[in-house]
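# from the sequence below, what's the structure:
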Amino acid sequence: MPKIVIDGEEIEAREGQSVLQAASEHGIDIPHFCYHPRLKVAGNCRMCLVEIEKVPKLQVACGTPVREGMVVSTSSERVIKARRAVLEFLLLQHPLDCPICDQCGECTLQDYCFRYGASRSRYNFPKQRFARLDIGPDLVRDQNRCLRCTRCIRFLRDVAGSEEFCLSERGGHAEVGPYLEKPVTSPFSMNLVEICPVGALTSKHFRFRGRPWLLQQVRTLCPGCSRGCNVIAWHDGRRILRLTPAVNEEVNREWLCNPGRLTIEREQDQLRLEEESPADAVGEAVRALGTIPGERVAVLVSGRLGNEDLYAVAKLAREVLGTRWLATVPVQSDERPFGPLDEPLPNWFIRADKTPNGRGAGEITTAGEHVEAAELARAIKAGEVSALLAFAANPLEELAAEELGEALGKLDLLLAAATHANGFTEMARLVLPLSGPFENEGSYTNEAGRVQRLRQVLPAAGDRRPAWQLAQQLAVGLGAPGWNFASAAQVMAELATKVDAFAGIASDDLGDGGVLLGATGEQAAVETGDSHARVDTDDAH
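Coordinates of the predicted model:
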């Protein structure tokens, strides 16, 4: 591997690396706008100019490969002067609207101007103005702020596989935006908000709603599908205002689809159930279950629950109720493979299975007596069960059977434990509110079998509670011994001893990378990666 010297420090670079990549790996910061580690090199912003010994002109660090013996200066007087000139050129037409720009606090142009820019502008003429453009259901383009770095063009073309952006006109009239001002339809278009180094592309869903330095951040998982993408949830203590991608090389790299980002609207804005639930609903459920033989009680669970929730509910069904009628809501199959990650995003990213823990539900409920969902539907219609307990499931929609509503209406007990109101909660005799995925601690198992940490973003309000806690309350009420879980981590500890696929997995070992099912010992330690749950604002962008 070639050895080079950067700012007097000898470092060992990897063959084929650029100067910027080698410097970044060794903690040496070279400012840049157009370069992005996930995109092809463009070399058009000229901000990363460096001085190389025996080379007469300054060179772009992002496009200059390292070679043995290279001596580089990133902070010489000549380099600093060039950076100031580049910034002065970029600011000629750039509006000074930082106080109202959504990128304020996360803008690299702001940061570089503070470090290298002049305190006064020599440009005294009227600035060029472009009209603000609505470019689809999720984005707004403000060309006045654009640096023409072309990151957005390269992302849509090379990563998202959707050539919807272009650079039109020339010189000072050049514009970056959609072809013929057509709406951007890519399901990954909101990644452009993070891709853009300034505030030229902003999210309609977050514009003017909060400032990054006033928000708290928690790393957790997207509940939108079985991919299990890692996200940063930004909240103000009351509501989650946005989701942005968190890096996980094995799952989503650093991308997040539009539907995944908007799961916060579904989880927070729909009707919640605490207003509908009687205060003594658990006691009433216990009394009702005490009058029905356990073998006539059916339990239906969904992959929307975490691993810990699923295990506790399955334990309630098998060990306390003693029923064989335990079933999991069917998941949508996806014929596409889970990877590879080097193909365009549409080929591997969004999954047909919209349950975040369908794989976990399958592993846990099949580790013991259970029935298929279709068999449970048949038993309900045939009158073989007298009570149905549905946890985060809507049997009216998710059981493959016709005329099930009429059969359900004849049961002695319908209990719906759910996060949102639906047709089944309206007909159920008892409705118990569950906390949502952003209110829970626990874990999901994605489609590839990677168990990942689900962290609580906001505390659950009202009577909402996790499903494992509700299952424990029902079990204790029915007189079952040994139910003394104090946390989801304790449930996981027992789960790891009872279900072979989860053997050796502990909540504290999941970290930020997660652990593959069956990976234990040294392999599990390698899988976990960094384990910082809360993120510093400066590092999250």
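# how about the strands in the stretch 351-500 of the chain?
Assigned by DSSP state E, counting those that start in this stretch, the strands in the stretch 351-500 of the chain fall at 387-391, 413-418, 430-433, 442-445, 450-454.
# please work out which of those is packed deepest.
Among those, strand 442-445 has the highest mean neighbour count (mean count of other CB atoms under 10 Å), at a mean of 29. In short, each C-beta sits where N, CA and C put it, glycine included.
# now the strands of the stretch 351-500 of the chain as CSV including mean pLDDT and distance to residue 424?
Formatted as CSV, the strands of the stretch 351-500 of the chain follow (pLDDT from 0 to 100; distance: least, CB to CB, whole Å):
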stretch, mean pLDDT, distance to residue 424
strand 387-391, 97, 6
strand 413-418, 94, 5
strand 430-433, 92, 9
strand 442-445, 98, 23
strand 450-454, 97, 24
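# could you point out which of the ones you listed sits nearest residue 4?
Comparing those against residue 4 with CB to CB, the closest turns out to be strand 450-454 (37.1 Å).
# tell me the strands beside that closest one, with direction?
strand 442-445 (antiparallel), strand 515-516 (antiparallel) (DSSP bridges).
# what's the pLDDT at residue 526?
Model confidence at residue 526, expressed as pLDDT, equals 42.
# got the contact list for the residue nearest to residue 241 when sequence neighbours are not counted?
Leaving aside its chain neighbours, residue 241 sits nearest to residue 210 (4.8 Å; criterion: CB to CB, 6 or more residues apart in numbering). Taking CB atoms under 8 Å, 6 or more residues apart in numbering as the contact definition, residue 210 lies against 234, 236, 241-242.
# low-confidence regions, the stretch 251-400 of the chain specifically.
For the stretch 251-400 of the chain, the stretches with pLDDT under 70 are 269-279, 335, 337-340.
# now residue 416: closest residue in space, sequence neighbours ignored.
Using CB to CB, 6+ apart, the closest residue to residue 416 is residue 428 (3.8 Å).
# want to throw the strands paired with strand 450-454 into JSON lines with distance to residue 75?
Listed next are the strands paired with strand 450-454 as JSON lines, based on distance: least, CB to CB, whole Å:
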{"stretch": "strand 442-445", "distance to residue 75": "45"}
{"stretch": "strand 515-516", "distance to residue 75": "42"}
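# which among those strands is found nearest to residue 105?
strand 442-445 (31.0 Å).
# one step back: burial count for the residue nearest to residue 416?
Look at residue 428: counted by other CB atoms under 10 Å, it has 23 neighbours.
# if I look at the residue nearest the centre of the chain, what pLDDT would I see?
When CA atoms, centre = their mean is applied to the chain, the residue found nearest the centroid is residue 231 (3.1 Å). Residue 231 is assigned 98 on the pLDDT scale.
# so the helix or strand hosting it versus strand 450-454, what angle?
Secondary structure assignment for residue 231, by DSSP states H and E: strand 230-235. Counting by axes from the mean of the first three to the mean of the last three CA atoms, to 10 degrees, strand 230-235 lies at 10 degrees to strand 450-454.
# contact partners of the following helix or strand past strand 230-235?
Moving toward the C-terminus from strand 230-235, the next helix or strand (DSSP H and E) is strand 240-245. For strand 240-245, contacts defined as CB under 8 Å, 6+ apart pick out 191, 194, 203, 205-206, 209-210, 215, 222, 229-235, 252, 254-256, 260-261, 263-264, 268, 438, 457-458, 540.
# report the buried members of those.
Buried subset of these (neighbour count, 16 or more other CB atoms under 10 Å): 191, 194, 203, 205-206, 210, 215, 222, 229-235, 252, 254-256, 260-261, 263-264, 268, 438, 457-458, 540.
# in helices only, show me those residues.
Among these, the members found in helices (DSSP state H) are 191, 194, 260-261, 263-264, 268, 540.
# pick the one among these closest to residue 301.
Distance to residue 301 across these (CB to CB) is lowest for residue 263, with 20.3 Å.
# against residue 204, how distant is that closest one?
16 Å (CB to CB, to the nearest Å).
# quick one, what contacts residue 24?
residue 30.
# which SS class is it?
Classification of residue 24 by DSSP: H, G, I helix; E, B strand; the rest coil places it in helix.
# report pLDDT for it.
At residue 24, pLDDT is 95.
# swap in the one 10 residues further on?
At residue 34 the predicted local distance difference test score is 97.
# what is the burial count for it?
Neighbours of residue 34 (other CB under 10 Å): 23.
# now do the contacts for residue 52.
Residue 52 is in contact with 19, 59, 64, 70-73, counting by CB under 8 Å, 6+ apart.
# stretch 445-459: end-to-end distance?
23 Å (CA to CA, to the nearest Å).
# sorry, wrong one. I was asking about stretch 302-319.
End-to-end distance for stretch 302-319: 19 Å, by CA to CA.
# buried ones in that stretch?
For stretch 302-319, the buried set under the neighbour-count rule, 16+ other CB under 10 Å, comprises 302-318.
# ok, residue 393 to residue 160 distance?
34 Å.
# just the pLDDT for residue 200.
pLDDT, residue 200: 95.
# surely it touches residue 140?
No. Residue 200 is beyond contact range of residue 140, at 9.5 Å (criterion: CB atoms under 8 Å).
# more crowded one of these two?
Set residue 200 next to residue 140 and count neighbours by other CB under 10 Å: residue 200 wins out with 26 against 18.
# contacts only, for residue 367.
Contacts of residue 367 by CB under 8 Å, 6+ apart are 314, 498-501.
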